[in-house]
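Chemist: sequence and predicted structure are below.
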Amino acid sequence: MRLLTLLVLVWLVIGAVAGWQRGYFEDSPQNCSSVATVATTVIAGPLNYAGVNPQVQCEGLPEPSQ
């Protein structure tokens, strides 16, 4: 179990480094697409270095009815 936890942690750290190298943690507008792209990049981990470049496009959240 410890080995699995360590592997997952290393996987996510590698993904965070890839996001940092792509400049995703700079001052940028925080909207659905940018947050989802950063999260997907971190989750993709080492796959980012194998050519995966996740980009998520989404529309804003629906507004409640009045």
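Modeler: Sure, I can see it. Residues are numbered from 1 along each chain as shown.

Chemist: low-confidence stretches in the chain?
Modeler: Along the chain, the model assigns pLDDT under 70 to residues 60-63, 66.

Chemist: how about the helices in this protein?
Modeler: The residue ranges that make up the helices of the chain, judged by DSSP state H, are 2-21, 32-44.

Chemist: I'd like to know which elements the longest one is packed against.
Modeler: What that stands for is helix 2-21. Counting contacts by 3 or more CB pairs under 8 Å, 6 or more residues apart in numbering; DSSP states H and E, the secondary-structure elements packed against helix 2-21 are helix 32-44. The way it works is simple: take the backbone N, C-alpha and C, and place the C-beta from them, glycine included.

Chemist: next one: the last one
Modeler: Here helix 32-44 is seen to pack against helix 2-21 when contacts are counted using 3+ CB pairs under 8 Å, 6+ apart.

Chemist: alpha carbons of the helix it packs on, as CSV, please.
Modeler: Backbone C-alpha positions of helix 2-21 (Å, rounded to 0.1, in the frame of the first residue of the first chain) are rendered in CSV as follows:
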residue,chain,number,x,y,z
ARG,A,2,2.9,2.4,0.7
LEU,A,3,4.4,1.7,-2.6
LEU,A,4,1.1,2.5,-4.4
THR,A,5,0.8,5.7,-2.4
LEU,A,6,4.4,6.7,-3.3
LEU,A,7,3.8,6.0,-7.0
VAL,A,8,0.6,8.1,-7.1
LEU,A,9,2.4,10.9,-5.3
VAL,A,10,5.3,10.8,-7.7
TRP,A,11,2.9,10.6,-10.7
LEU,A,12,1.1,13.8,-9.5
VAL,A,13,4.3,15.7,-8.8
ILE,A,14,5.5,14.9,-12.3
GLY,A,15,2.2,16.2,-13.7
ALA,A,16,2.5,19.4,-11.6
VAL,A,17,6.0,20.0,-12.9
ALA,A,18,4.7,19.6,-16.4
GLY,A,19,2.0,22.1,-15.7
TRP,A,20,4.5,24.5,-14.2
GLN,A,21,6.8,24.1,-17.3
